[in-house]
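Q: structural data only, the sequence is not supplied:
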């Protein structure tokens, strides 16, 4: 059973990857559309009431975080790994 | 007649035992041998009877016989001691089969005499009881399978005893002349300082000599080591323990007259000091186990004097308790000795070698008994000495207590010697094995338990003793 | 059902630890499950109150303070201890089980402690026992890491001890009661520092990502649950409403995710996420409103479950493949699909996806922060939420499971069934609490007026998570993990340690060498001479006296015994003579 499930995953990962990608993009669009209709009762922040705020927030923050850490910060901080060959 | 037989129940029972033994002794030859089973059971019943009668009180037989706490305490002690010695003596290799019943008959008579002695409060009664118990023993000392030493010991015992009791009678006559009465109740009211009644005091000193001889107090002790050595092990067990009880009870009754400061009391103290010192010093060089125990009896007689000179109820109670404890400890040692000497021989110290391997229970019991005699806690001897010393301190004889302490230190050497031989040395191969039957081991175990119990939980017994002493000296 | 009275669960665990060395044979491992079951029974049937009150040196020690706050933590500790023990069933090392049992006992003791002294005792027990969980991994790096862990926790414990003793000196009691946020004293600060060490507040946090990746596989599962959550409990009990915690918590939350996004070792990523998630809890405690405290407690409960699940699955990967470094893993979904599913349950829980227990707890805290007008804190926590999903929910599984096909010929160690069972239990609980939040809410200390499942909440979470995923996809080539260890505060600790040692050691070593010479020349020789002297005195002086006394006494005895000649006439004569002498002397001198 393990291998059949594993095989299914492998199939999805390789052959059906494009299908999954398109499904994801559709999902993103649906969420933004929904945001036009569903709003918070009382906005937690000033900007909360704008449609799509959270979408942009998430996108900006995630991209910015990765960029900041991996490109700018890590080269200063990284050192040799302290492993013992395990 | 409004006489209540319950008052003298132990004596009546003992008399019945004597009667049964007597009948058996004049029966056929086969009948005479069969004593081994029914007698210990009868003695056990006798113990029960004596213990049950502990609370009796009364003054009977024309005021010469007092039944009170003191007498009943000692009768119970005598009954217990008799039971153990009878048990011990049922296995006696040196006793001819045809003499068995006679042997026990005399043993029972001697014990009976001691019981009567415990209740006697009139001088002649005391004397008669004393003689009864002594004569019975004279015969027994010599009963040892054609041994010349036993016969010699018997002769010494008789003649020494004869002199001592002669002195006692002589003193008795002086007391009668001086005080005009022989009843203790009246005698205690008299003035016993030497200035007031020199004749009576001298007479009392001589009368006491008879008691001291029974107690083996210095200088009346010379018979003790020789008789112990000469008699068979089992007879020596009886002689070493029960007569001392009788002597002590008399001394306790008389002690009410000995206020601290009187010459008589000082004399008792001096004799006590000399006794303990001489006994311990002489025991240091002995190699025969029974001689060691004999000298130790001399020493212990000295210790008991401390309680008698104190002049308080606690002192008398301590003396009573120590007497009981002494009997228990000594019986333990003699039990082991009798069991190790399976052929009835006299044990030397080297006969004890290797006992811990051959009979560990016996070795342990010997150790318990020996250390109890030294006075080590938690054994009975420690408690006894503790009671004696604390009762006797600050009553004018502190020097006696200090000497007793020094003597305890000296005595450790030879008692420890017994234990040293039993535990650290190994036996020769040709020495016969000790008796390790269940009879022997159970007996040894129970006696050790008795010694330990008296040491760990003395309160009940000591209260009895305190009652006993308090009835004399309120 | 309520049973009157209270059996302290720590008793059962300590008893297990003490009894373990005596177990023989093969089936003792099932006994490992007994104390957790006992703990669960106790927790679900306990009555409120104070138990185990012991008077000690004028103070009272309270061993069992049972109220809603301590019970909810004890509840999740009990469940997690059962899961952890099941996960560890395959280990044959009894020392490990004993250490884990003592560790759990320590945390139960801390949770139920009603006074600081009891707390301190169990606090130290936890520190020592958990150090062994690191050391028992038995690699070179784990020995060093465990040592640093131990030293640092001892330092934290000292702060706690100093604080509580000074507090006792000032106010005369050891009682463990909340601090008034308006008047925090200097001793309270010391206690707070001690607590913050265990809570991994930045900058005292570096022991966590240093030591947790080096622990044994089941050991890390235990450690991730208990040390930090005990610290959260004590902070909630003692320091709720102290505002600086809110700031520190937010900082922790962001700091943790920033570092995690750089990391390579999977267990180190998860460790930084512990720092981050605990930041949520600390922030909630710092704000101090009922909603925030509820949120912090609920988050702690949920966190134990899903973090345990995450560590278990990563630990299983480590067990199966032999490494947890992301740059060495890849494409495992084909080989270990069930493991991937279980991991993803944990990952979506921690990210706050609807229908899992992270959703019902994390959002409570953020809402509470926003409602009490702490806007920047709320925003910080949202940033941390993005980062969490980014690294745990997407980066780790992507690089470990999905991104490329598995190495051909990859040999996997067979995974024991008990690991799967434990993970499945955790996953089921995460899901169950997600769809039925009342299961968790009924345990919280304050009444809950928060409904997680509103359309807006669902939409907001969905948007947050989905667009984070989009961001990851955009940056997927840049975020590739590289082999290496990032610089964190632990290097600072090591620097301080080494400097301190060299500053102290040189002068002391010099003084010691001087002293040794003095000792040898003067002291030792003098002592030997004295010994020789007393030995001579003992032999010549004392022994002579003692032996001489003994010999003399014996000779006196020998002489005295000569009186016993054996002849009757001598006896009788001596008797009479001596008696008369004594009587005469007594009367003459008396």
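A: Structure's in. What do you need? Keep in mind it's a predicted model, so treat the numbers as computed, not measured. Numbering: from 1, shown residues only, chains lettered A, B, ... in the order given.

Q: list the contacts for residue C:467?
A: With contact taken as C-beta atoms under 8 Å, 6 or more residues apart in numbering or on different chains, residue C:467 is in contact with A:28, A:54, A:55, A:56, A:57, A:58, A:59, A:62. To be clear about C-beta, it is placed using only N, CA and C from the backbone, and glycine gets the same treatment.

Q: buried only: go through the residues you listed for me.
A: By neighbour count, with 16 or more other C-beta atoms under 10 Å in any protein chain shown, those hold A:28, A:54, A:55, A:57, A:58, A:59, A:62 as buried.

Q: circling back to that earlier point, closest to residue C:137 out of the contacts of residue C:467?
A: Among those, residue A:62 lies closest to residue C:137 (C-beta to C-beta), at 34.0 Å.

Q: which element is encountered next along the chain beyond the helix or strand where that closest one lies?
A: Element membership of residue A:62, judged by DSSP states H and E, is helix A:53-66. Using DSSP H and E, the helix or strand that follows helix A:53-66 in sequence is helix A:74-77.

Q: hey, which helix is longest across the chain?
A: Since you didn't name a chain, this refers to chain A. The residue-count maximum for a helix in chain A (DSSP state H) belongs to helix A:17-37.

Q: wrong one, chain B
A: Longest helix in chain B, counting by DSSP H: helix B:148-179.

Q: and it, what's buried?
A: Applying 16+ other C-beta under 10 Å to helix B:148-179 flags B:150, B:152-154, B:156-161, B:163-165, B:167-168, B:171-172, B:174-176, B:178-179 as buried.

Q: then stretch C:399-419?
A: For stretch C:399-419, burial by neighbour count (16+ other C-beta under 10 Å) applies to C:399, C:400, C:401, C:402, C:403, C:406, C:415, C:418, C:419.

Q: distance of the residue in the stretch 251-400 of chain C positioned nearest to chain B from residue A:70?
A: Nearest residue of the stretch 251-400 of chain C to chain B (C-beta to the nearest C-beta) works out as residue C:304 at 58.2 Å. Distance of residue C:304 to residue A:70, given as C-beta to C-beta, to the nearest Å: 30 Å.

Q: these two: which has the busier surroundings?
A: residue C:304 (23 against 18; other C-beta atoms under 10 Å in any protein chain shown).

Q: so how far is the host helix or strand of the more buried one from its chain's centroid?
A: Element membership for residue C:304 (DSSP H and E) is helix C:290-321. Distance, stretch centre to chain centre, for helix C:290-321: 16 Å (C-alpha atoms, centre = their mean, to the nearest Å).

Q: buried sites along it?
A: C:291-321.

Q: show me what the helix or strand just after it is packed up against.
A: Next in sequence after helix C:290-321, counting helices and strands by DSSP H and E, comes helix C:337-351. With contacts taken as 3 or more C-beta pairs under 8 Å, 6 or more residues apart in numbering or on different chains; DSSP states H and E, helix C:337-351 sits against helix A:2-14, helix C:290-321, helix C:357-371, helix C:375-388, helix C:396-397, helix C:417-435.

Q: try it again at 10 Å.
A: Applying 3 or more C-beta pairs under 10 Å, 6 or more residues apart in numbering or on different chains; DSSP states H and E, one finds that helix C:337-351 makes contact with helix A:2-14, helix C:266-287, helix C:290-321, helix C:357-371, helix C:375-388, helix C:396-397, helix C:417-435, helix C:455-474.

Q: okay, angle between it and helix A:2-14 too, please.
A: 60 degrees (axes from the mean of the first three to the mean of the last three C-alpha atoms, to 10 degrees).

Q: what comes up buried for helix C:337-351?
A: So helix C:337-351, judged by 16+ other C-beta under 10 Å, has buried residues C:337-351.

Q: ok, stretch C:84-95 next?
A: C:84, C:85, C:86, C:87, C:88, C:89, C:91, C:94.

Q: and it, end to end?
A: 15 Å (C-alpha to C-alpha, to the nearest Å).

Q: tell me the contacts of the closest residue to chain A within the stretch 401-550 of chain C?
A: Closest to chain A within the stretch 401-550 of chain C is residue C:471: 3.1 Å, counting by C-beta to the nearest C-beta. Residues counted as contacts of residue C:471 (C-beta atoms under 10 Å, 6 or more residues apart in numbering or on different chains) are A:58-67, C:386, C:389-390, C:394, C:479.

Q: just to revisit the earlier point, give me the helices and strands touching the helix holding residue C:304, please.
A: helix C:68-87, helix C:217-238, helix C:266-287, helix C:337-351, helix C:357-371, helix C:396-397, helix C:417-435, helix C:438-441.

Q: quick one, which of those gets closest to residue B:117.
A: Per C-beta to C-beta, nearest to residue B:117 of the helices and strands packed on helix C:290-321: helix C:68-87, 79.0 Å.

Q: pLDDT of that closest one, averaged?
A: In this model, helix C:68-87 carries a mean pLDDT of 92.
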